[in-house]
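**Student:** quick one, structure for this:
(chains A, B, C and D)
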Protein chains: 2
Amino acid sequence: MATINDVARLAGVSKGTVSSVFSKKRPISREVTERVLEAAKNLGYFPNHVARSLAIKKTMIAGLKMPVSRDSSMSGFEVQMVNGVMKECSKQGYRVLLDTLPEHDDPTQFSSDPVDGVIMLNPRKHDKRILRYSQMDIPLVLVGRPDPPDESICYVDNNNTELSAQVGDYLLAKGHKDILFLNAGSDMTVSLDRRRGLFEAFHRQSVATKRIHVLNYSRAEHRNPTEYGYMSLRRMHGNVPFTAVIADTDQVAVGVLRAVAELGIDIPGQLSVIALSNDATLSQVITPQLTSMELSAETLGAEAAKILIEKMEGAKGVHQRIVDAKLVIRSSCAPNSAQND
Amino acid sequence: MATINDVARLAGVSKGTVSSVFSKKRPISREVTERVLEAAKNLGYFPNHVARSLAIKKTMIAGLKMPVSRDSSMSGFEVQMVNGVMKECSKQGYRVLLDTLPEHDDPTQFSSDPVDGVIMLNPRKHDKRILRYSQMDIPLVLVGRPDPPDESICYVDNNNTELSAQVGDYLLAKGHKDILFLNAGSDMTVSLDRRRGLFEAFHRQSVATKRIHVLNYSRAEHRNPTEYGYMSLRRMHGNVPFTAVIADTDQVAVGVLRAVAELGIDIPGQLSVIALSNDATLSQVITPQLTSMELSAETLGAEAAKILIEKMEGAKGVHQRIVDAKLVIRSSCAPNSAQND
DNA sequence: CTGAAAGCGCTTACAG
DNA sequence: CTGAAAGCGCTTACAG
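**Tutor:** Numbering: from 1, shown residues only, chains lettered A, B, ... in the order given. Coordinates of the predicted model:
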């Protein structure tokens, strides 16, 4: 491809001048501008982004690190989150580098990315990458809280503990005390927070927490979230008493509903179901319509992007934003009619 | 951040040597390697991706150009497509630069991206970008066919004409001759191809094509695909005769189903519905389960990525891959019981 | 096995 | 308003 030198030569000017007509960073006379543009057009010249990035030390790209999931696809939550990030970045002129490459432990293989900053989804416990980014001086914001807690790190997260306490209160108010909780993977901070919140609600109302039966998603055991929901319900039904189930996501709820249909159990008559996450179309299309916690994944993504962009543009200080979840009541929960007090 | 020079100085070697221990492109003695690694660790050094890219003229990044959609989010089809691209790229060590930036017409603003090649979703008619990429010598593969046809361009696409002819045959075999076709936007090549296929099926069976009522999605008129389906059905019902509707996507079908429920119309008893695109969970969760054309969006994405990667790695020649759609019969279509022959 | 030097394609003070 | 030159942080023949 033609370079800035080719254009300069053809237009009979210096390459600094060519640079200036494209970047508009210093004024160039009309006639020279035209001569340069003409030459550029004839040569099919376009400025080289990489060279420019090296010179100005800025790429206008935000990295988005997705959790490694070689086999499975993006969850509804992830899709919404990505949408939020994309919209905000796009609005402010940034591009997004999507990344699900599994990470090498070999530090030799770890190269800095061509990004001005990164958003990291679902950091792991004691995530080594966090330190690396700070070493590299690359702005970082997490979606999900750092574990262990660290006040020096930017992140956005839901109010997971409160949110699940709220679900607990809602269910208790309807008379449900025996709960099957199909929680997220045990290695995720959300699953800890949500478990805690639910237990707290039971404590406050003096209901024995042992009546909550908690299961965890496991990549090894379950092919995908829907199967997790399906298998769990089939397996627990009859073995453990429960009048309500809390599903980690809509996808899990879909599996639950399928199992429940096969077993001839009526929802919400005989069993209440609630999902912690609200796929806009899915939860409305399911019969019965699913009562769920709106996590606002898109907002999480957009907020993360906003904070990151501020930092990439030089803002100092750490920002932590909590996005409140909201209970959306539809038709999958009803008062407990059983005699289990 | 520390650079290769800092490391070289601290380790007492040349920067070529440092480069070599990280790239492993030429052998370096054990002791020197260790000394360099130690120095790098102490300085928190990681190779600079941008500088490396400039030197080797390769970024290991594939660009993915999404259609501009400032307000709306990715459709189910797009999500699956992106998943396919991501998986294939990830497998082969490439990252993906997601891009929905609207394009400037000002050529001054158009800079080459830091990518080795690009996948472009839904190219427009006479898309100017296609020429630009060829000028820049950047490998390009389209998802969707170029319009006008161009045998020099790589692309992957569904067999759109045949696919909708197949749908036509299926519906005709069930006795449906009055069709409401909720087609894609009129500016998209798919919508032309699919319309043609449907008409061809009717021709072959000597059924008047004027019994097909075709509507087109329009960004200006409809807030989103679901509303398009909903509004169209409400508006056409009673005004135009039809015993079957073909919905462009599952999202559109969801809108149709909602309207139909409000109108008290039974599916498939009084109306058959079929969708051209198959969202794995959605179509199974909808009641009744949706008969649909599986477009294999993920396969389209993966194939596009494969072709692109071959080209980025120097393969010559143009590749065009057609991914066959497959009719998935569920429960939303039934024989026509009306007396309209 | 290692070093010195040119080069990748831009930007940006510094002079004029 | 324009040019000459140094610099961004790497890689890679070429020598030794």
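
**Student:** packing partners of the lowest-mean-pLDDT helix or strand in chain A?
**Tutor:** Least confident helix or strand of chain A, by mean pLDDT, DSSP states H and E, is helix A:280-285 with a mean of 81. On a contact count with 3 or more C-beta pairs under 8 Å, 6 or more residues apart in numbering or on different chains; DSSP states H and E, helix A:280-285 meets helix A:250-263, helix B:250-262, helix B:280-285. Where C-beta positions appear, they are placed from N, C-alpha and C, glycine not excepted.

**Student:** please enumerate the strands of the stretch 101-250 of chain A.
**Tutor:** A:117-121, A:140-143, A:154-158, A:179-183, A:212-216, A:244-247 (DSSP state E, counting those that start in this stretch).

**Student:** how about the helices in chain A?
**Tutor:** For chain A, the helices defined by DSSP state H cover A:4-11, A:15-23, A:30-43, A:49-56, A:76-91, A:128-136, A:160-173, A:189-204, A:225-236, A:250-263, A:280-285, A:297-312.

**Student:** residues of the stretch 151-300 of chain A that sit close to chain B?
**Tutor:** Residues of the stretch 151-300 of chain A lying close to chain B by C-beta under 8 Å from any C-beta of the partner chain are A:Thr226, A:Gln251, A:Val254, A:Leu257, A:Thr281, A:Leu282, A:Val285, A:Ile286, A:Thr287, A:Glu298.

**Student:** apply 10 Å and report the result again.
**Tutor:** A:224-226, A:250-251, A:253-255, A:257-258, A:279-287, A:298 (C-beta under 10 Å from any C-beta of the partner chain).

**Student:** can you list the domains in chain A?
**Tutor:** A:4-47, A:61-158+A:298-325, A:160-294 (automatic domain parsing).

**Student:** where does pLDDT dip in the stretch 1-150 of chain A?
**Tutor:** Along the stretch 1-150 of chain A, the parts satisfying pLDDT under 70 run over A:68-72, A:101-111.

**Student:** who are the contact partners of the closest residue to A:Asp137 other than its chain neighbours?
**Tutor:** Leaving aside its sequence neighbours, A:Asp137 sits nearest to B:Met1 (C-beta to C-beta, 6 or more residues apart in numbering or on different chains; 5.4 Å). By C-beta atoms under 10 Å, 6 or more residues apart in numbering or on different chains, the contact set of B:Met1 is A:Lys57, A:Ser112, A:Gln135, A:Met136, A:Asp137, A:Ile138, B:Leu43, B:Gly44, B:Tyr45, B:Phe46, B:Asn48.

**Student:** quick one on the thing from earlier: deepest of the strands of the stretch 101-250 of chain A, which one?
**Tutor:** Comparing these by mean neighbour count (mean count of other C-beta atoms under 10 Å in any protein chain shown), strand A:244-247 comes out on top with a mean of 28.

**Student:** for the domains of chain A, which one sits closest to DNA strand C?
**Tutor:** domain A:4-47 (2.8 Å; C-beta to the nearest atom of the strand).

**Student:** near DNA strand D, which residues of the stretch 51-200 of chain A?
**Tutor:** With the criterion set to C-beta under 7 Å from any atom of the strand, the stretch 51-200 of chain A comes near DNA strand D through A:Ala51, A:Leu54, A:Ala55, A:Lys57.

**Student:** tell me if I'm right that A:Leu98 and A:Met81 touch.
**Tutor:** No - A:Leu98 lies out of contact with A:Met81 (C-beta atoms under 10 Å); the separation is 11.6 Å.

**Student:** overlap of the contact sets of these two?
**Tutor:** When contacts are counted by C-beta under 10 Å, 6+ apart, A:Leu98 and A:Met81 have A:Leu64, A:Met66, A:Met74 as shared neighbours.

**Student:** just these now: which is nearest A:Gly317?
**Tutor:** Ranked by distance to A:Gly317 (C-beta to C-beta), those are led by A:Leu64 at 22.4 Å.

**Student:** the closest one bridge partners, please.
**Tutor:** Judged by DSSP bridges, the bridge partners of A:Leu64 are A:Leu98, A:Ile119.

**Student:** mind listing what it touches?
**Tutor:** Shown in contact with A:Leu64 (C-beta under 10 Å, 6+ apart): A:81-82, A:85-86, A:89, A:96-100, A:115, A:118-121, A:143, A:301, A:304-305, A:308, B:96, B:98.

**Student:** looking at the contacts of B:Met1, which is nearest DNA strand D?
**Tutor:** DNA strand D has its nearest neighbour among the contacts of B:Met1 in B:Asn48, at 3.3 Å by C-beta to the nearest atom of the strand.

**Student:** contacts only, for A:Ser164.
**Tutor:** Taking C-beta under 10 Å, 6+ apart, one finds A:158, A:181, A:183, A:190-191, A:193-201, A:246, A:276, A:293, A:325 in contact with A:Ser164.

**Student:** can you do 6 Å?
**Tutor:** When contacts are counted by C-beta atoms under 6 Å, 6 or more residues apart in numbering or on different chains, A:Ser164 touches A:Arg194, A:Gly197, A:Leu198.

**Student:** state the pLDDT value of the residue lying closest to the first one once chain neighbours are set aside.
**Tutor:** What it means is A:Arg194. Spatial nearest neighbour of A:Arg194, excluding adjacent residues (C-beta to C-beta, 6+ apart): A:Ser164 at 4.0 Å. pLDDT recorded at A:Ser164 is 97.

**Student:** give me the residue from the stretch 151-300 of chain A nearest chain B.
**Tutor:** At 5.1 Å from chain B, A:Thr287 is the closest residue in the stretch 151-300 of chain A, using C-beta to the nearest C-beta.
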